[in-house]
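Q: Whatever this is, show me its structure:
(one chain, ligands or ions: 2)
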Amino acid sequence: MQTLIINIKQLLQVRETSIKKVSGVEMANLPILENAFLVLENDLISDFGLMENCPKLENATIIDATGKIVMPSFCDSHTHIVYAGNRSGEFVDRINGLSYEEIANRGGGILNSAKKLNETSEEEIYNQSKKRLEEVISQGTGAVEIKSGYGLTVEGELKMLRVIKKLKENYPIAIKSTFLGAHAFPTEYKENHQAYIDLIINEMLPKIAVENLADYIDAFLETGYFSVSETIQIMEAGKKYGLTPKIHVNQFTAIDGIKACVENGALSVDHLEIITEEDIEVLKGSACMPVALPSCSYFISIPYTPARQMLNAGLPLALASDFNPGTTPSGNMHFVVATACIKMKMTPEEAINAATINGAYAMELSDSHGSITKGKKANLIITKPLHSFYEIPYCFATNLIDSVWLDGEIFG
Ligand SMILES: N=CN[C@@H](CCC(=O)O)C(=O)O
Ligand SMILES: [Zn+2]
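A: Ligands and ions are numbered 1, 2, ... in the order given. Got it, this is the predicted structure:
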């Protein structure tokens, strides 16, 4: 099957040769073709160029994109889409003055979601989660990472990971699965952290490996959650099963966690709302992708990841949604890009690089996703008519999407 998209006003993120990621000043460069065509061959991008060189393809389906912008789908490298119920009650508690920490200390937060998840059947969790996955696809996401971490029991964690596996099987979107058993300590292990860590290492990980349920391992490295040494144990254990670390770190406090993540070969470090000069030094020259989650900062009113400071230091940066029931009940990557521009002072070029090619890198998908490159997946967003792509972050709350494409076909 061949599709020819013609008269594209702006074709964004055009890369002749595949790149892995962009860093520092390179992030200000978003390669664009004005008045372009794009050819899709089955599930892949096969050609692109200026309209003056547009080929005549007798058998192709023609899509006229006059006035519209075409870009690669968003690559959302950090979500918790699989969960049960919601935490709208805690949302109102926060409006009434409680902090995220105070709610967690009262047994709310992650433990609240864990209780709901363990009381809900696998089928029901799948049905709730697939609606969220369909929603983010319709909002332009074309590759996504999904974490466990609301089970916190052997059965609960396996249940979540099996739901992720089923989503992988049933949807034409690239999904990476991350085991986050180390998301919080269940109440019964509050005074005996090592026993829970042993449960993760000796019972959860071997079972996950047998069923091949995870690509990565994660932990919530944070004051009051997993300490640096506890997270090191988790990372080392995961690596024995081939699971590369992708770690929640520096959300509320900086406790030298980033150094441990880099030393343990983490693919990404995520959150980074609080970051020190030393942390930035450690990231320089490493292969670890820093990931910012601005919708989380927005929703729970915490600082934004200091993008400018990090880009000025030459670091790359990816943007992801953090879709979860507690701190970010949204997976809308358009809002993420807009918020990065408005609140983190990223330029539209930087934000789109961060939400496409760098997001792909943080899921080891840059060879197949994240740019308009021949041979990459035909996963695209076609916008409604716009004057320029600057309107993508500018119109932060307007649905600008005309159609989304996965594997060369319109989704939905
Ligand atoms: N911070 C840790 N984990 C999630 C929130 C989890 C929750 O509150 O349910 C996050 O990335 O923000
Ligand atoms: Zn998260």
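Q: residues from the stretch 101-250 of the chain in reach of ligand 1?
A: Contact residues, the stretch 101-250 of the chain versus ligand 1 (Cβ under 6 Å from any ligand atom): 109-110, 113, 220, 248. (Each C-beta comes from the backbone N, C-alpha and C, glycine too.)
Q: Out of the residues you listed, who's the most crowded?
A: Within those, most neighbours by other Cβ atoms under 10 Å means H248, with 28 neighbours.
Q: Where does that residue sit: helix, strand or coil?
A: strand (DSSP: H, G, I helix; E, B strand; the rest coil).
Q: Show the contacting residues for the closest residue to it other than its chain neighbours.
A: Take H248 and drop its neighbours on the chain: the residue closest to it by Cβ to Cβ, 6 or more residues apart in numbering is F220, 4.5 Å away. Contacts for F220 were tallied using Cβ atoms under 8 Å, 6 or more residues apart in numbering; they are 110, 149, 180, 182-184, 226, 248, 251.
Q: one more time with 7 Å, if that's ok
A: 182-184, 226, 248 (Cβ atoms under 7 Å, 6 or more residues apart in numbering).
Q: V92 too?
A: No contacts exist for V92 under Cβ under 7 Å, 6+ apart.
Q: now it: how far from G108?
A: Remark: distance between V92 and G108 (Cβ to Cβ, to the nearest Å) = 12 Å.
Q: likewise I280?
A: Taking Cβ to Cβ, one finds I280 at 33 Å from G108.
Q: what do you get for K20?
A: On the measure of Cβ to Cβ, K20 and G108 end up 40 Å apart.
Q: Looking at the two, which has the bigger crowd around it?
A: Higher neighbour count among K20 and G108: G108, with 19 against 16, using other Cβ under 10 Å.
Q: What mean pLDDT does stretch 357-376 get?
A: On average, the pLDDT along stretch 357-376 is 98.
Q: Equivalent analysis for stretch 41-50, please.
A: Rounded mean pLDDT across stretch 41-50 is 98.
Q: hmm, who's touching that stretch?
A: 1-2, 11, 14, 33, 35-40, 372-378, 407-408.
Q: next one: that stretch to chain centre, how far?
A: 25 Å (Cα atoms, centre = their mean, to the nearest Å).
Q: For ligand 1, what's its nearest residue on the stretch 301-412 of the chain.
A: G326 (2.4 Å; Cβ to the nearest ligand atom).
Q: just to revisit the earlier point, give me the subset of the contacts of F220 that lies in strands.
A: 182, 248 (DSSP state E).
Q: can you redo the contacts of F220 as TSV with distance to I173 and pLDDT?
A: Listed next are the contacts of F220 as TSV, based on distance: Cβ to Cβ, whole Å; pLDDT from 0 to 100:
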residue	distance to I173	pLDDT
A182	26	98
H183	24	98
A184	28	98
F226	30	98
H248	23	98
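Q: where do the strands sit along the stretch 251-400 of the chain?
A: 268-271, 289-292, 318-319, 380-383 (DSSP state E, counting those that start in this stretch).
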